[in-house]
Structures are given as structure tokens and as C-alpha cells.
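S.K.: Fold the stuff below for me.
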Amino acid sequence: MLTGAQIASRISPDSRFADLSGSFELENGDVLDGVSLAYRTWGQLAEHGRNAVLICHALTGSADADDWWPGLIGAGSALDPNEDFVICSNVIGSCYGSTGPLSLSADGTRHGGAFPQVSIRDMVRAQYALLEQLGVKRLRLVIGPSLGGMQTLEWAAMYPDFVDAIVPIGVSGRHSAWCIATSEAQRQAIFADPDWRDGFYTADRPPRRGLAAARIMAMVSYRSWQNFESRFGRERQDDAATDVFQVQSYLRHQGSKINQRFDAVSYVRLTEAMDTHDLARGRGEYGDVLRQITQPALIMAVASDILYPPHEQRLLADHLPGAEYTELDSEHGHDGFLIETAALSAAVRGWRAGLSPAGGVAALP
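M.R.: Model prediction:
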């Protein structure tokens with residue numbers, strides 16, 4: 001488990017923290033006391049409180065959207081602080097400042113493996129409470145990739161009168177058996193590490209091997225055959241004496257990096273939350289539920305995504321009444337949304353410019 005100093009070093013000095021009043025009841029009935037969210041903002045909230053844009057981050061992301069999504073925020077970009085009040089918060093269950101497994105429980109110890117399971121809807125409800133504190137009256141736009149796209153879709157379903165438009169990227173309307181299987185394989189790698197100890201490990205002995213193996217599995221699903229073939233092929237490391245392929249070295253490096261910046265229990269809880277993602281859960285037949293999401297929506301897919309293949313996004317676009325569909329022409333796989341940021345920003349900016357005030361994005365009170 002990361003130490004307090006390690007936690008602090010991973011949180012931007014520009015982050016702020018919002019304490020949600022009272023107890024926070026989760027969808028499964030468990031209760032969290034003293035919930036706090038780490039968040040960042042760019043631009044200014046207009047007096048009418050209706051120029052806000054919410055960014056929802058992916059699995060190991062943070063509130064520092066300008067860091068992990070460069071090029072999306074700025075003058076002339078998809079999200080322009082001269083026009084938009086941009087907000088990004090770290091989700092509950094994560095390890096970048098919001099209440100999660102690394103947070104202290106009532107007895108002064110860290111939650112660790114005792115931290116309860118959360119859902120995508122829990123994350124959205126916590127974000128809504130944050131926006132209320134900030135004085136936001138309406139969201140012009142909610143945008144996010146992957147886990148962030150799940151939140152984006154839930155925002156439209158849970159708060160239809162609060163959200164003007166949405167851009168879910170690289171995500172389906174419900175987690176497929178394929179995605180659940182890849183997440184379960186990653187969790188089992190963590191559980192198999194003898195240092196896992198049911199999530200009650202110490203800062204000096206976390207399940208490094210298990211988390212590294214989980215990240216390696218994830219990275220394979222985040223990229224594509226074309227990407228690995230063109231980038232690595234069968235090339236080996238520069239040292240002629242080594243038997244290590246470049247792709248092996250790359251994956252091992254990614255496994256090492258995740259241990260420097262993320263917590264294993266958070267990884268488990270957030271992948272479990274992703275498995276709960278199903279817009280139709282408790283709401284009715286899937287197609288009918290999608291047709292009830294009427295906000296203007298730009299559904300973005302990555303052409304080479306093998307984790308959330310484009311046909312899942314086309315299904316969303318076919319059923320959401322106000323949806324448009326577009327693909328990022330990228331060989332990078334699921335991670336294309338982190339790499340092809342110039343094309344992504346231009347597409348979102350152009351789409352937003354084409355929305356009429358009746359669509360809500362540019363509407364004043």
C-alpha cells in the first residue's frame with residue numbers, strides 16, 4: 001500500500017478537495033462516512049451557473065485532465081476555458097485524493113481491502129454532490145473515455161434535466177462478457193500474489209508482481225495487433241546478447257510503472273465497478289432505456305479498439321435519438337483516445353459548434 005507521502009506526491013498542487021456532507025450511501029447499501037473528492041477546474045463558472053463541462057476520467061486517471069488528456073483543454077480546443085468552466089474530479093474508490101482504499105477509516109487505519117464495492121452510479125452521485133457545492137446549475141457537456149464514458153452515459157440517464165449533451169468515448173452501454181473476462185483475469189493475477197493478503201498489505205510490501213501482471217494484461221487489450229506489429233514486430237532489445245523482445249520489455253516497463261503510481265485495491269474496486277456498468281440495470285429493456293437518453297450525443301469509437309469494438313458504439317448511436325457516430329482512425333487500439341488527441345479535440349469542437357442553442361450546449365438560462 002502506498003504511504004501518505006507517496007499519495008501526496010501523486011496529487012497535483014492545483015487540486016482542491018470537497019467534503020460531501022453527511023453519510024454517503026452506496027448503491028449496494030454500504031455507507032461511507034466523510035466522503036471527499038479531489039478535483040480540478042479550468043476557467044470560470046458563469047453567474048448563471050450553466051457553462052460547466054465535466055470530464056470523467058478512465059481507470060487509472062485522476063483529476064489532472066490536462067496531464068492525461070493534453071490538448072483537450074485550451075483556447076480553440078474542444079474544451080475552451082474562455083467559454084467553459086471545466087471540471088474533472090477523481091472518482092471515489094481511486095487513489096488520487098478522493099475517498100478510497102487508501103483513505104483513513106474511523107479507527108485511523110487505512111480502509112485497504114475493507115473498502116466497499118462501488119458502482120458507476122455511485123461515482124456519478126458523488127460528482128453531482130460536488131457540482132452542487134460548486135454552484136453548477138447545469139452541465140453544458142459531459143465527456144469521458146472508457147470508465148469515464150460509463151460515467152458520461154450514466155450522467156445522461158440519472159440526471160437528464162441537468163445535462164445538455166454528452167460525448168462518451170470508447171465505451172459500450174453495458175460491460176460485455178469479454179470486458180468482464182479481461183478484468184477478472186487481471187484481478188486474479190493480483191489475488192494470486194502472496195503479498196495481496198486480501199487487500200490488507202503494508203506500504204513496504206504491496207502485491208507488486210500481481211499488479212504488474214494485471215497491468216500487462218490490460219495493456220495488451222488497450223492496444224491492437226497493428227500497433228504492436230508496426231511498433232515492435234519481432235525486434236529484440238539493442239543488446240545483442242539478450243533474448244528479450246522489445247514488446248516484452250515494453251510490457252514489463254508498463255507493469256513496473258503502475259506500481260509507482262497506483263494502488264492494487266483501488267485497481268480491484270474500480271474494475272469491479274466497471275463490471276457493474278449496464279444502463280439497463282433496474283431500468284427496463286436495454287433498447288428502451290437507450291431510447292430514453294435524448295440529449296445530443298457524439299458517440300466516438302476507435303477503429304482498432306479490441307476491448308470496446310466499434311460495433312458496440314454503433315449500437316449506442318443507433319438507439320440514442322440524438323446521437324451522431326464518429327470513429328478515430330487510429331491503429332493504437334483502445335488507447336487511441338489518449339494518443340490521437342488533436343483529431344479527437346477537433347471532432348468534439350466541430351460537433352459542439354454545430355449544435356443549436358435548442359440542443360442545450362450553448363443555451364443561456
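S.K.: Low-confidence regions, the stretch 101-250 of the chain specifically.
M.R.: 239-241 (pLDDT under 70).
S.K.: residue boundaries of the helices in it?
M.R.: For the stretch 101-250 of the chain, the helices defined by DSSP state H, counting those that start in this stretch cover 120-134, 147-158, 177-192, 208-222, 225-231, 246-261.
S.K.: Can you tell me which helices and strands the first one packs against?
M.R.: Secondary-structure packing of helix 120-134 (3 or more Cβ pairs under 8 Å, 6 or more residues apart in numbering; DSSP states H and E): strand 16-19, strand 23-25, strand 36-42, strand 52-55, strand 85-89, helix 147-158, helix 264-275. (C-beta placed from N, C-alpha, C; glycine too.)
S.K.: Restrict the last one to CA atoms and write it as CSV.
M.R.: Taking only C-alpha atoms (Å, rounded to 0.1, in the frame of the first residue of the first chain), the coordinates of helix 264-275 have been written out as CSV:
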residue,chain,number,x,y,z
ALA,A,264,-3.9,-2.6,-6.0
VAL,A,265,-7.1,-2.4,-4.0
SER,A,266,-8.2,0.7,-6.0
TYR,A,267,-7.5,-1.2,-9.2
VAL,A,268,-9.7,-4.1,-8.0
ARG,A,269,-12.5,-1.9,-6.8
LEU,A,270,-12.6,0.2,-10.0
THR,A,271,-12.5,-2.8,-12.3
GLU,A,272,-15.4,-4.3,-10.3
ALA,A,273,-17.3,-1.0,-10.7
MET,A,274,-16.8,-1.2,-14.4
ASP,A,275,-18.3,-4.7,-14.4
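S.K.: Next, the angle helix 147-158 makes with it.
M.R.: Inter-element angle recorded for helix 264-275 and helix 147-158: 50 degrees (by axes from the mean of the first three to the mean of the last three Cα atoms, to 10 degrees).
S.K.: now what about the very next helix or strand once past helix 264-275, what contacts it?
M.R.: Going down the chain from helix 264-275, the next helix or strand is helix 286-291, by DSSP states H and E. Where contact means Cβ atoms under 8 Å, 6 or more residues apart in numbering, the residues beyond helix 286-291 that reach it are 157, 173-174, 279-280, 283, 316, 319-321.
S.K.: of all those residues, which comes closest to residue 12?
M.R.: The closest of these to residue 12 turns out to be residue 157 (Cβ to Cβ; 30.3 Å).
S.K.: okay, the helices of the stretch 101-250 of the chain in JSON lines with mean neighbour count and distance to residue 91 next?
M.R.: Formatted as JSON lines, the helices of the stretch 101-250 of the chain follow (neighbours: other Cβ atoms under 10 Å; distance: least, Cβ to Cβ, whole Å):
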{"stretch": "helix 120-134", "mean neighbour count": "21", "distance to residue 91": "4"}
{"stretch": "helix 147-158", "mean neighbour count": "26", "distance to residue 91": "7"}
{"stretch": "helix 177-192", "mean neighbour count": "17", "distance to residue 91": "16"}
{"stretch": "helix 208-222", "mean neighbour count": "21", "distance to residue 91": "17"}
{"stretch": "helix 225-231", "mean neighbour count": "14", "distance to residue 91": "28"}
{"stretch": "helix 246-261", "mean neighbour count": "16", "distance to residue 91": "16"}
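S.K.: Pipe the ones you listed into JSON lines and attach distance to residue 84 per row.
M.R.: Compiled in JSON lines, the helices of the stretch 101-250 of the chain are given as follows (distance: least, Cβ to Cβ, whole Å):
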{"stretch": "helix 120-134", "distance to residue 84": "14"}
{"stretch": "helix 147-158", "distance to residue 84": "16"}
{"stretch": "helix 177-192", "distance to residue 84": "31"}
{"stretch": "helix 208-222", "distance to residue 84": "28"}
{"stretch": "helix 225-231", "distance to residue 84": "32"}
{"stretch": "helix 246-261", "distance to residue 84": "28"}
